[in-house]
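Engineer: Any chance you can model this:
(one chain, ligands or ions: 2)
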Amino acid sequence: MDRVRTSIATVCLSGTLEDKLPAIAAAGFDGLEVFEPDFVSSPWSAEELARRAADLGLSLDLYQPFRDVDSVDPEEFARNLVRAERKFDVMERLGCDTLLVCSSTLPQAVRADDRLAEQLAVLADAAHRRGLRIAYEALAWGAHVNTYRHSWRVVEAADHPALGVCLDSFHILSRGDDPSGIRDIPGEKIFFLQLADAPAMSMDVLQWSRHYRNFPGQGSFDLAGFGAHVEAAGYRGPWSLEIFNDTFRGSDTGRTAADAHRSLRYLEAEVSRRVRAEAAPPPRDDRRARLFDAPSASPLEGVVSLRLAAGPGKSDALRTVLGRLGFRLAGVHRAHDLQLWRHGGLTVVVDASAGTVWTAPGLPAHLPVLTQIGVRSSDPESWEERARAFEVRAREVGLPGAEGASTPERGSASDVVRLDMTDATSLDVRGPASAAAWEAAFELYPGERGWEDDVSLFTGVDHVGLAIPADNWDGVMLLLRSVLAMTPREGLDVTDAVGMLRNRALERPAPDGGPGALRLTLSMVPGSVSSHLGAARRGGIGHVAFACTDIFTTAASMRARGFEPLPIPANYYDDLDARFGLSRELLDRMADSGILYDADSDGEFFHLFTPTVGADFFFEVVQRVGGYRGYGDANAAVRLAAQLRAT
Ligand SMILES: O=C(O)c1ccc(O)c(O)c1
Ligand SMILES: [Mg+2]
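Structural biologist: Ligands and ions are numbered 1, 2, ... in the order given. Next comes the predicted model:
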């Protein structure tokens, strides 16, 4: 059976049709929806657009929108029919056979269903005579028809072969409607399917729809459940994206189109899972083969290494902090200005060169920056395949050779597969052979093995905080959810001394089902990818949080190395006392070491912070007690104020 056809409305992308068409084709779409304002503002004739689309192998799947066709005023309805005929002319010339008609938003919309069905049948008849058809869509803010069930009732009553419904996930899910009734619509009467996700928001639904939609996997709708209903109904037309989003309208066209196509692949894989889970016995191959499914990859087994670009300017400050955290300088690279720091099983590489040795040419605007997170896994190649299936570039990397910084990727096979998570930070999946290959590139200090201080205070990396430029937020979210199968937690906005930060944690469970093998907290920073890392924001954002089992012992040990706890005000501990009723003794001990506290129904959380190093980077040490699931976000404003004071 044929694969699902993918389509995208031109309104999703930035630029003019000259920019959009090639980007849509390059991203791998089969077709597109012609958004009328894009056509009206184009110098291309309908024939020219049709020819250009055909040259790129794209079909024109829908012409949209046609608004407010029905009317209680017969003369107005007659005029609307004339208007429709003009659009049929355009569609004939385009070779596009389906017109999207939205439910009316006007006061003169027909309120009687039988009358509305009659008018739609007249319109459908006119379309039919031209070999065209009408897909009727219930806008969530339609004056009379604003639910899919209502649109289907009217279409069913009209009973015309050239009239069907258009289902748009946004209009259905934004209202909190139950989508399971889609199963009751015959698949062949669903003429078109528009897919959009959106972040949870509490606002006027029209504003929400016109400005904040995003691609499947970027928002919080249950689109997999929605898609499973549509599949069950037997719909076999294209899956089309219709995203009105102000940020996408101003972002790189090719990049947005690539995200868009990836989002459909992700959604197909998710729907495929639902369909399989639902059906007993599992659906036959024909149903499954229609939907894309990604190969699974070897489990990730925790963060084992980190790399920080510090440049010559920030490497000393970083060196001081790492030393106080209990890391030791274990060696230097044979050819590059790279330092190897170690603590127990953890490795941190500080890149002190004037460019970055492994990353993009030129240093990011703000230093230090976390450029790499290394995770252990038995089969890195399986990640290369999985990433490729999701159209994400991943590659096996060589170690920086001795030839010079200009050819860092040449060198011995590394057993490392690199995936670009953000513009600054890659995820390096490190296979069993990677550690040895890696070490060979470094000159280890004598006595490195029997270091007298070789106690490991940290059990690993609890989580990593990344600053994400606003225009890359949705793209990163989709990549983490699709390729890495991470699950977002509820978003949280934190208001602090210098503004508001939008935060979102994503987690990927450990192979043993325990807490996160990979936990990331993303914070949205103003600015764009093109300014390399967004505008500077005062205060800490990017960070690495090390896990420990006894934060008081860890704090004492850090202090013995010269670490000075971040001064946390007494008011904070009084407030803790009021909220949690902790013992005075515990509060005093926490205050003494600059430790902050949080608790949820499953456990407790203790954490401490370093001052910021450079623009916004810091380290955190955390101790989770019981099943605490959060990240101590309640303390973010107190932490930030203390960091501002300390730097
Ligand atoms: O916002 C609108 O008007 C609009 C137009 C066409 C659509 O398909 C839609 O979902 C919304
Ligand atoms: Mg729509």
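Engineer: contacts, neighbours, all on C-alpha from now
Structural biologist: Fine.
Engineer: can you list the domain ranges for this protein.
Structural biologist: 6-278, 298-456, 458-647 (automatic domain parsing).
Engineer: wait, which of those domains is closest to residue 289?
Structural biologist: domain 6-278 (9.2 Å; CA to CA).
Engineer: returning to that earlier point: could you export the domains of the chain as CSV, including mean pLDDT and mean neighbour count?
Structural biologist: CSV is the format used below for the domains of the chain (pLDDT from 0 to 100; neighbours: other CA atoms under 10 Å):
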stretch, mean pLDDT, mean neighbour count
domain 6-278, 97, 20
domain 298-456, 83, 19
domain 458-647, 91, 18
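Engineer: do you know which of these lies nearest residue 291?
Structural biologist: domain 6-278 (5.4 Å).
Engineer: Now do the closest one: distance from first to last residue.
Structural biologist: With CA to CA, to the nearest Å as the measure, the first residue of domain 6-278 is 24 Å from its last.
Engineer: cool, and stretch 629-642?
Structural biologist: For stretch 629-642, the end-to-end distance is 24 Å (CA to CA).
Engineer: One more: stretch 553-570?
Structural biologist: 22 Å.
Engineer: Stretch 595-615 spans what distance, first to last residue?
Structural biologist: End-to-end span of stretch 595-615 (CA to CA): 23 Å.
Engineer: Just put the domains of the chain in CSV and tack on distance to residue 291.
Structural biologist: Converted to CSV, those look like this (distance: least, CA to CA, whole Å):
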stretch, distance to residue 291
domain 6-278, 5
domain 298-456, 13
domain 458-647, 15
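Engineer: closest one to residue 292 among those domains?
Structural biologist: It's domain 6-278; of these, that one is closest to residue 292 (CA to CA) at 5.4 Å.
Engineer: Mind exporting the C-alpha coordinates of stretch 596-608 to CSV?
Structural biologist: The C-alpha coordinates for stretch 596-608 follow below in CSV (Å, rounded to 0.1, in the frame of the first residue of the first chain):
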residue,chain,number,x,y,z
LEU,A,596,18.4,25.2,48.6
TYR,A,597,15.5,22.9,49.1
ASP,A,598,12.3,21.7,47.5
ALA,A,599,9.9,18.8,48.0
ASP,A,600,7.0,17.2,46.2
SER,A,601,4.7,14.3,47.2
ASP,A,602,7.3,11.8,46.2
GLY,A,603,10.5,13.1,47.8
GLU,A,604,12.9,15.9,48.5
PHE,A,605,15.5,17.9,46.6
PHE,A,606,18.6,19.6,47.9
HIS,A,607,20.8,21.6,45.6
LEU,A,608,23.6,24.2,45.5
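Engineer: before we move on, the earlier item: between the domains of the chain, which one is nearest to residue 290?
Structural biologist: Between residue 290 and the domains of the chain, the shortest separation by CA to CA is 8.9 Å, and it involves domain 6-278.
Engineer: how far is the closest one from where the chain is centred?
Structural biologist: Centroid displacement of domain 6-278 relative to its chain, using CA atoms, centre = their mean, to the nearest Å, is 24 Å.
Engineer: Spatially central residue for the chain, please.
Structural biologist: By CA atoms, centre = their mean, the mean C-alpha position of the chain lies nearest to residue 477, the distance being 1.2 Å.
Engineer: Output the contacting helices and strands for the helix or strand where it lies.
Structural biologist: Here residue 477 sits within helix 473-482, counting by DSSP states H and E. Packing contacts for helix 473-482, counted by 3 or more CA pairs under 8 Å, 6 or more residues apart in numbering; DSSP states H and E, involve helix 253-278.
Engineer: Does the residue nearest to the centre of the chain touch residue 215 like I think?
Structural biologist: No - taking CA atoms under 8 Å as the definition, residue 477 is not a contact partner of residue 215, at 10.2 Å.
Engineer: Is it correct that residue 622 falls within a strand?
Structural biologist: Yes - assessed by DSSP: H, G, I helix; E, B strand; the rest coil, residue 622 belongs to a strand.
Engineer: Not counting sequence-adjacent ones, nearest residue to it?
Structural biologist: residue 607 (4.3 Å; CA to CA, 6 or more residues apart in numbering).
Engineer: For that neighbour, give the beta-bridge partners.
Structural biologist: Beta bridges link residue 607 to residue 596, residue 622 when assigned by DSSP bridges.
Engineer: Show the contacting residues for it.
Structural biologist: Going by CA atoms under 8 Å, 6 or more residues apart in numbering, residue 607 touches 551, 595-597, 620-623, 632.
Engineer: cool, residue 107 as well?
Structural biologist: Residues in contact with residue 107 (CA under 8 Å, 6+ apart) are residue 143.
Engineer: next one: the one 10 residues further on
Structural biologist: Taking CA under 8 Å, 6+ apart as the contact definition, residue 117 lies against 154-155, 157-158.
Engineer: so where do the helices sit in the stretch 301-450 of the chain?
Structural biologist: Listed in chain order, the helices of the stretch 301-450 of the chain (DSSP state H, counting those that start in this stretch) span 311-324, 380-389, 434-440.
Engineer: got JSON lines for those helices, with distance to residue 496 too?
Structural biologist: Below are these laid out as JSON lines (distance: least, CA to CA, whole Å):
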{"stretch": "helix 311-324", "distance to residue 496": "25"}
{"stretch": "helix 380-389", "distance to residue 496": "37"}
{"stretch": "helix 434-440", "distance to residue 496": "41"}
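Engineer: Select, out of these, the one closest to residue 79.
Structural biologist: helix 380-389 (49.9 Å).
Engineer: Tell me which stretches of the stretch 501-647 of the chain form helices.
Structural biologist: Using DSSP H, counting those that start in this stretch, helices in the stretch 501-647 of the chain cover 551-560, 570-580, 584-593, 636-646.
Engineer: what's the closest of these to residue 226?
Structural biologist: Nearest of the helices of the stretch 501-647 of the chain (CA to CA): helix 636-646, 36.3 Å.
Engineer: relative to helix 570-580, how tilted is the closest one?
Structural biologist: 170 degrees (axes from the mean of the first three to the mean of the last three CA atoms, to 10 degrees).
Engineer: helices or strands up against helix 636-646?
Structural biologist: strand 492-496.
Engineer: What pairs with the strand it packs on, parallel or antiparallel?
Structural biologist: strand 499-508 (antiparallel).
Engineer: Just the CA atoms of the strand it pairs with, as PDB, please.
Structural biologist: Extracted as PDB, the C-alpha positions of strand 499-508 are listed here (Å, rounded to 0.1, in the frame of the first residue of the first chain):
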ATOM      1  CA  GLY A 499      12.900  39.100  33.400                       C
ATOM      2  CA  MET A 500      10.900  36.000  32.600                       C
ATOM      3  CA  LEU A 501      12.300  32.700  31.500                       C
ATOM      4  CA  ARG A 502      10.200  30.000  29.700                       C
ATOM      5  CA  ASN A 503      11.500  26.600  30.900                       C
ATOM      6  CA  ARG A 504      10.700  23.100  29.900                       C
ATOM      7  CA  ALA A 505      12.300  19.900  31.100                       C
ATOM      8  CA  LEU A 506      12.500  16.900  28.800                       C
ATOM      9  CA  GLU A 507      13.400  13.400  30.000                       C
ATOM     10  CA  ARG A 508      14.400  10.100  28.500                       C
END
